[in-house]
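Student: Build the 3D model from these lines:
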Amino acid sequence: LSRPTRAYLAAIGVFTFGKIPETFLLLRGHQLGMSTVELLLFWAAMHVVKVAIAEQAGLHTDRVGRRPFILTGWMLYAVALFALAFVTKPTMLWAWGLALGFYFGLTEGAERALVRDLAVPAERGTAYGWFHMIVGLAAIPAGLLLGGLWSLYGVTAAFLVSSAIALLGTAGFWRFVR
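Tutor: Model (predicted):
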């Protein structure tokens, strides 16, 4: 793969290692005393925000480029994880969960489109394969890390470490992916 493609895959690998499994938000909501119905509404609302943002974000990334949307989204993600470390009320979880929906809408399409933009035509299939493999494989230890930290040191430590790793991936993307 070309150097820019490899740099991007490395950055997204680090960033993904800092991502939390989304179901941990539901676990946190349960810990905060949210009912099953409220958790389902929370989950649905987060994805409604994602869908509402994704189409508009996709149109804009085609015009202004993928990088600003990915950087903005990844920074928002790191900030949201930091804030989630200190959530003590369901309303706070709702606010930061909806912010995560905004992150997903901003970045999911742009991340995949950037693979196409960076990879030369002859390597696009391979680049997409590496992209999905890295994202999928990084999610496993990320979930284990968050779950382990949550069990051993509590929710605050888990979200703070995840936020720091996501911020490290964001810095790598900002520095090395052009």
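Student: Count the neighbours of the closest residue in space to G101 that isn't next to it in sequence for me.
Tutor: Here the nearest residue to G101 in space, its sequence neighbours aside, is V49; by Cβ to Cβ, 6 or more residues apart in numbering that works out to 3.2 Å. The way it works is simple: take the backbone N, C-alpha and C, and place the C-beta from them, glycine included. Per other Cβ atoms under 10 Å, the neighbour tally for V49 reads 19.
Student: Check the gap between V49 and W96 for me.
Tutor: Note on V49: its distance to W96, by Cβ to Cβ, to the nearest Å, is 12 Å.
Student: pretty sure G172 contacts V14?
Tutor: Yes: applying Cβ atoms under 8 Å as the test, G172 and V14 come out as touching, 5.7 Å apart.
Student: Tell me, what's the model's pLDDT at the residue of the chain most remote from its centre?
Tutor: In the chain, counting by Cα atoms, centre = their mean, A122 sits farthest out from the average C-alpha position, at 28.5 Å. Confidence per residue is given as pLDDT, and for A122 that number is 94.
Student: measure it to F82 for me?
Tutor: For A122, the distance to F82 under the criterion Cβ to Cβ works out to 41 Å.
Student: wait, isn't E108 in contact with V51?
Tutor: No: E108 sits out of contact with V51 when judged by Cβ under 8 Å, with a separation of 10.5 Å.
Student: Give me the more crowded residue out of the two.
Tutor: More neighbours sit around E108 than around the other of E108 and V51, counting by other Cβ under 10 Å; the figures are 16 against 11.
Student: I'd like the distance between the more buried one and H60.
Tutor: In terms of Cβ to Cβ, E108 sits 14 Å off from H60.
Student: With G101 instead?
Tutor: Between G101 and H60 the distance, using Cβ to Cβ, works out to 17 Å.
Student: Could you do L9 as well?
Tutor: With the distance defined as Cβ to Cβ, L9 ends up 24 Å from H60.
Student: Going by how many neighbours each has, rank these two and give me the top one.
Tutor: Regarding L9 and H60, a neighbour count based on other Cβ under 10 Å identifies L9 as having more, with 21 against 14.
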